[in-house]
Structures are given as C-alpha cells and as structure tokens.
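Visitor: Fold the following.
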Amino acid sequence: MSIEVQNVSKVYGEQNALDNISISVKPGEIVGFLGPNGAGKSTMMKIITCFIPQTAGKISVCGFDVEQDPLEVKKRVGYLPEHNPLYLDMYVKEYLTFVAGLHLVPDKKKRVDEMVKLVGLELEQNKQIGELSKGYRQRVGLAQALIHDPDVLILDEPTTGLDPNQIEEIRNLIKKLGEEKTVMMSTHIMQEVEAICDRVVIISQGKIVANDTSRNISESQEEQHVTRVEFDQSVEEDLLRKVSGVLEIRSMGGNEWMIVSKADIRNDLFQFSVKNNLGILTLQKEEKSLEEAFKSLTKN
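Guide: Numbers count the residues shown, from 1 in each chain. Purely as a prediction, here's the structure:
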C-alpha cells in the first residue's frame, strides 16, 4: 500500500480530533477525503505528511513509518496544505527553484520549467507571488508539491479560489497524475469527487462513516427509490398505484409520472406495461447524489 493508516487517534486535551482511524490507499488510486469543517481531515493529512505526530496508532507511506523515517516519507510525498504557505516576496520561478533545491532535484532549471508548463503558469512565471491571484497562487502551491516527482500526493482543497475553467484544468491534471501516483485529496465540491476519485472516505467527528465508491455510498443512503416513467398513452392513476411497492405517485404532465417506492420497481413497471399493452418511452431511476448522502452521514 502507498498509504497505510492503522488505528490512528489524535487527542488535543480532552478532544478526540481523530478516533481510531484506519485507511489504506493503493498505488495509482485517487481517494477523496471528505468531511464537514472540524471533522479531522486536515489533521489526518498533517500526520501523514509528518507535520504533526499522532497520539496513537501507526502510519506508513510507501513502506516507511512516519515516526521512525520521516525524512524518507517526505521524499516520497508532495503536499499542498489547505492554507497554501508561500513566500510572497519571491518570484514564481525563484520560489520553485528554491523548493527544488530543498529536495535536491538534480536539474533544477529544467524541472522548474516543466512544472511551470504543467500547471499553467507560463504567463505568470516572472511575477512576484504576492502579485498573483488566489487561483494562480494555488497553481504555484501545486507545482511545489510536484517538483520532486513524489509517489504520493496529499492535496488539501486543491481547487480553492479557482474559476470554473481553472477548476476543470486542475481536475484533469489530478486525474492524469493519478495514473502514475497515489492521490489523497480533500474537497467540499462533490462534483469534483464524483468526476475524478476512485474511492471516497467520509469522516465525521473524527470517525470514518463511509469508505466506498461515490456511487455505492449514494445508493446505501437511499431509503426510498424515485423512478420517472413515461408511457406512450394515458394511464389511470388508480391502476398504476396497484404496482407492487408503490408509495407515492405524482403526475408530471402528459403521460409522464414520478413514482416513489420502497425498492427499485423498474422491472415491475415494465411488466405492468406489457400486461396493459402500453409502450414505455422513458424509464429512469433517479440516483441520490453524493451531496445528499454526505449530508445524511454527517448531519449529527
């Protein structure tokens, strides 16, 4: 495993910021790490990247223990913190050259030029960081996280402050990086998670409440199923109510209906249409969104 977290807790005074957390992240996997503010996401990321120690438990990154071999871990990890710390008086290329030197990157100039191009800083590369917009500062932060070609990327809110076009560019970049690297990222943008993450871990009050694909998490929170069906001719509502499992029916106009049921009744509706000589023009089950599942899992 690229990241192995075993029974990790972090205690501040009497507060359990993390409570017996266990996570495994495989090489080449993009994992979304979600949770409400104060849930413990940033704390977990700071421990993985050796910025703060855990109170209990073990963490290894690429086989190296974060407590026993922190320098080896840092060589293999690229980290973009939530509050992107930059030297505002330094110029973009000057700063990236400085970071490359800290990591003992062999050909610093070549690598800096590669990073400038990779994250889209060509037009801003000769400016002071303090003159950049928040979006471009995020790009500088991402470039410094990548400059030593790490095996693992830890990204805490990587698209903060970006406009929609920039968000799409960074999403595509992260997805591309995920083909070769292990990526753990936190975000509050659910569409971002659904677009690029292979798996989602949701944390609430320091505990993991979900660990699966976004689709499976959404489906697991469905207490009722909603299906849209459109027939090729009119249907009596009383007849439609007799379909097994139907709880509620709402006319959507024309011959289209929205049906709430206890289970997935698409097959029952198909059989109903055959029995009553009806043609089906539309038959679609509405999926519960990841955002709704997130609210349900973290509402307390």
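Visitor: hmm, who's touching the helix or strand hosting residue 202?
Guide: In the assignment (DSSP states H and E), residue 202 maps to strand 199-204. For strand 199-204, the surrounding residues in contact (C-beta atoms under 8 Å, 6 or more residues apart in numbering) are 21, 23, 29-36, 39-41, 44, 193, 208-214, 217, 290, 294, 297-298, 300. Quick note: C-beta positions are derived from backbone N, CA and C, even for glycine.
Visitor: now that strand: mean pLDDT?
Guide: Across strand 199-204, the average pLDDT comes to 94.
Visitor: go on, stretch 263-272?
Guide: 90.
Visitor: chain center to that stretch, what's the gap?
Guide: Relative to its chain's centre, stretch 263-272 lies at 34 Å (C-alpha atoms, centre = their mean, to the nearest Å).
Visitor: same question, stretch 34-42
Guide: Using C-alpha atoms, centre = their mean, the offset of stretch 34-42 from its chain centre is 12 Å.
Visitor: ditto for stretch 45-52
Guide: On the basis of C-alpha atoms, centre = their mean, stretch 45-52 sits 19 Å off its chain's mean C-alpha point.
Visitor: before we move on, what about stretch 169-186?
Guide: Relative to the centre of its chain, stretch 169-186 is centred 10 Å away, using C-alpha atoms, centre = their mean.
Visitor: how's this protein carved up into domains?
Guide: The record assigns the chain these domain ranges, following automatic domain parsing: 3-212, 224-288.
Visitor: Need the winner for burial among those domains.
Guide: Of the domains of the chain, the one with the most neighbours on average (mean count of other C-beta atoms under 10 Å) is domain 3-212, at a mean of 18.
Visitor: what about that one, how long is it end to end?
Guide: Terminal residues of domain 3-212 lie 16 Å apart, using C-alpha to C-alpha, to the nearest Å.
Visitor: Tell me the backbone dihedrals of residue 48, please.
Guide: Phi and psi for residue 48, reported as degrees, to the nearest 10, are phi -60, psi -40.
Visitor: per-residue pLDDT, the residue nearest to residue 215 when sequence neighbours are not counted?
Guide: Once flanking residues are discounted, residue 215 sits nearest to residue 287: 7.7 Å by C-beta to C-beta, 6 or more residues apart in numbering. Residue 287 carries a pLDDT score of 72 in this model.
Visitor: got any ranges where the stretch 101-250 of the chain has weak pLDDT?
Guide: Counting by pLDDT under 70, the ranges of the stretch 101-250 of the chain that qualify are 221-223.
Visitor: Quick check: pLDDT value at the residue nearest to residue 252 when sequence neighbours are not counted.
Guide: Distance criterion C-beta to C-beta, 6+ apart; nearest residue to residue 252, sequence neighbours excluded, is residue 258 at 5.6 Å. Looking at residue 258, its pLDDT is 90.
Visitor: any idea where the helices of the stretch 51-200 of the chain begin and end?
Guide: Counting by DSSP state H, counting those that start in this stretch, the stretch 51-200 of the chain has helices at residues 70-76, 92-102, 108-118, 134-146, 164-177, 190-196.
Visitor: Now those in CSV, please, with extra columns for distance to residue 83.
Guide: As requested, those are arranged in CSV below (distance: least, C-beta to C-beta, whole Å):
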stretch, distance to residue 83
helix 70-76, 19
helix 92-102, 17
helix 108-118, 21
helix 134-146, 10
helix 164-177, 17
helix 190-196, 19
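Visitor: distance of the closest residue to residue 159 other than its chain neighbours from residue 183?
Guide: Counting by C-beta to C-beta, 6+ apart, residue 159 lies nearest to residue 167, which is 4.8 Å off, once chain neighbours are set aside. Using C-beta to C-beta, to the nearest Å, one gets 16 Å for the distance from residue 167 to residue 183.
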